[in-house]
Structures are given as C-alpha cells and as structure tokens.
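A.B. asks: Take this sequence and fold it.
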Amino acid sequence: MARLDARTHASLRDARAHYLTLIDNAAAHQRYLDPAQCDVYRQKVAEARQGGGHRLEEEAEMLGIPLDVLTSAVLHQHERRQTMVQTVEMARIKAKRDIRDAPTPAAMDAIFNAFKQQLSLL
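C.D. replies: Next up is the predicted model:
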C-alpha cells in the first residue's frame, strides 16, 4: 500500500481526481470482457433466446449435451453476468460519491481499498 503524506497529492482536488479515476479503472477491469469473446457471447445469447441456432447446436453436439440444456445454461450465465455488471456499477457510483465526500486523501484511500475488496468478492 502506498504511503500517504502531504506530498502524495498537491491538493485535495488532485487526490479526489486520482481516486475517482482509480475507482473507474477498477470497475472497468472487473467488467472487462475480451471484445472477440464478447461478440461470441452476444451471438450465443441471441441464439439461446431463439431456442437454438447453428453455433449452439454445434456446441451442444461437441459437448454431448441436449440443446435445451445448453440454451438454458447460456441464458443463466448471461443473467448472472448482467447482475454482476449492475452490482459493480452500483458499487462504483457509491464509491465515487464517498470519494467526493471524503475529507482527506487517507479517507479516500480507505474507500478505494474497501471498493477493491468488494469487487474481489464478486
């Protein structure tokens, strides 16, 4: 952990900007999906909502499971991800509010560390 002292940030405003950026970056990292993988997931969810499709049929065959089982699993995983993304967003908003209200850089650091801990539990 970085040592905080009067030289760490030039002003309370600078500290606030620093910690707001750290909060946004940590949230983005938690939500990140490789763009190519994200495209695959979108296609699979679209097929699952239609009850199947070429991609899911091939995957179900490759895995040796019924298409309806795979379709259900894809939709369930999509819902879990959406819930996680929403949880991260609400935590991000709260942490940024808390940073803005924090009286000192040390308090901001504590808020940021609590936010990182909260993300690690997701």
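
A.B. asks: Tell me where the chain has helices.
C.D. replies: Secondary structure of the chain (DSSP state H): helices at 12-31, 35-49, 54-63, 67-101, 105-120.

A.B. asks: possible to save those helices as a markdown table with mean pLDDT and mean neighbour count?
C.D. replies: Bear in mind the C-beta positions are built from the backbone N, C-alpha and C, glycine included. Listed next are those as a markdown table, based on pLDDT from 0 to 100; neighbours: other CB atoms under 10 Å:
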| stretch | mean pLDDT | mean neighbour count |
| --- | --- | --- |
| helix 12-31 | 97 | 16 |
| helix 35-49 | 96 | 14 |
| helix 54-63 | 97 | 14 |
| helix 67-101 | 98 | 15 |
| helix 105-120 | 97 | 17 |
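
A.B. asks: give me every residue that touches the residue positioned nearest the centre of the chain.
C.D. replies: For the chain, the residue sitting closest to the mean C-alpha position, by CA atoms, centre = their mean, is Arg31 at 2.6 Å. By CB atoms under 8 Å, 6 or more residues apart in numbering, the contact set of Arg31 is Met84, Val85, Val88.

A.B. asks: what about the closest residue to the second one other than its chain neighbours, distance to Asn25?
C.D. replies: Translated: Val85. Spatial nearest neighbour of Val85, excluding adjacent residues (CB to CB, 6 or more residues apart in numbering): Arg31 at 5.5 Å. To Asn25, Arg31 is 11 Å away according to CB to CB, to the nearest Å.

A.B. asks: Val40 now?
C.D. replies: Note on Val40: its distance to Asn25, by CB to CB, is 25 Å.

A.B. asks: Any idea how many residues pack against Asp34?
C.D. replies: 9 (other CB atoms under 10 Å).

A.B. asks: Ramachandran coordinates for it?
C.D. replies: phi -50, psi 130 (degrees, to the nearest 10).
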